[in-house]
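Engineer: The sequence and its predicted three-dimensional model are supplied below.
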Amino acid sequence: MTQYIIRTDREERKTHILRLDSRKDREEKDKVERIGLIYTDFILREGMRDISAEDVVNPINKKVLARVNLLKGSKLISLGKFRELASIDECGVYTERGKAVPYRKVSRESLLAMQGYENLEGKEFLTHAYFLGKESSSSLSQVLCFEKEGNLASIVESKNDGIVFPLISLPLVFYQRIKDQDFIFRFMRK
């Protein structure tokens, strides 16, 4: 199981995508590697540039890996480069590569009552979690969402390794933040 962290930074106004490497054969356990960067934290601010389309870039060579689109057609959030990889609509229907993927959203209280999660580190900042089933083409299994002082952090678990797997989770990671600001985005587009 590979773990990724997707976290926003209000001060930097960026989103970082990190891979945790906790393989036993490495000298340094739990090494963190930055594998993606978005130049926004998806919080609307006065006098801010339009953030309805943002590139996800490789932090080393700045090559575009994908693009996050907000409020494109019926989609609240969509992600892709040449074709759509994942999206979530206003009703909460999540799709991967055009196929609807069922998921279960679990509240903080319900998750902490589940076996194996009661002693979760950082549980005071946990807001909710998503659990995906076998239908997930990206092999995502769970997305744990945290918030502290306006900064988001999500732990994404995938059965596979590679940049595409945390990218596919971005619509779920940012769903609540964009939904909470949806009326502002719609007003700005009029």
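Structural biologist: Great, that's in hand.

Engineer: Which parts of the protein are helices?
Structural biologist: Secondary structure of the chain (DSSP state H): helices at 108-113, 164-168, 170-189.

Engineer: in this structure, what spans have low per-residue confidence?
Structural biologist: In the predicted model of the chain, residues 22-30, 46-50, 137-138, 182-190 satisfy pLDDT under 70.

Engineer: can you do 50?
Structural biologist: Applying pLDDT under 50 to the chain flags the ranges 26.

Engineer: Might one say that residue 161 is in contact with residue 2?
Structural biologist: Yes: with contact taken as Cβ atoms under 8 Å, residue 161 and residue 2 are classed as touching, separated by 4.5 Å. Placement of C-beta: from N, CA and C, glycine included.

Engineer: Would you mind telling me which of these two has more residues around it?
Structural biologist: residue 2 (18 against 13; other Cβ atoms under 10 Å).

Engineer: Write down the beta-bridge partners of the more buried one, one by one.
Structural biologist: Applying DSSP bridges to residue 2 yields these beta-bridge partners: residue 158.

Engineer: tell me the contacts of it?
Structural biologist: 19, 20, 157, 158, 159, 160, 161, 165 (Cβ atoms under 8 Å, 6 or more residues apart in numbering).

Engineer: Kindly provide the distance from the residue nearest to residue 149 when sequence neighbours are not counted to residue 57.
Structural biologist: Excluding the flanking residues, the one nearest residue 149 by Cβ to Cβ, 6 or more residues apart in numbering is residue 10, at 7.2 Å. Noted for residue 10: a distance of 20 Å to residue 57, by Cβ to Cβ, to the nearest Å.

Engineer: Neighbour count: the two, which is higher?
Structural biologist: Using other Cβ under 10 Å as the criterion, residue 10 and residue 57 rank with residue 57 on top: 17 against 13.

Engineer: quick one: contacts for the more buried one?
Structural biologist: Taking Cβ under 8 Å, 6+ apart, we find residue 57 in contact with 36, 37, 38, 39, 63, 64, 65.

Engineer: Kindly indicate which of these lies nearest residue 82.
Structural biologist: For the contacts of residue 57, the closest approach to residue 82 (Cβ to Cβ) belongs to residue 64, at 10.8 Å.

Engineer: Please look at the closest one and residue 81 and confirm they touch.
Structural biologist: Yes: look at residue 64 against residue 81 with Cβ under 8 Å: they come within range, at 7.0 Å.

Engineer: who's more crowded, those two?
Structural biologist: More crowded of residue 64 and residue 81, by other Cβ under 10 Å: residue 81, with 13 against 10.

Engineer: Setting aside sequence neighbours, what's the nearest residue to that one?
Structural biologist: Leaving aside its chain neighbours, residue 81 sits nearest to residue 66 (4.9 Å; criterion: Cβ to Cβ, 6+ apart).

Engineer: In contact with the one you found, which residues?
Structural biologist: With Cβ under 8 Å, 6+ apart, residue 66 has these contacts: 55, 56, 79, 80, 81, 85, 167.
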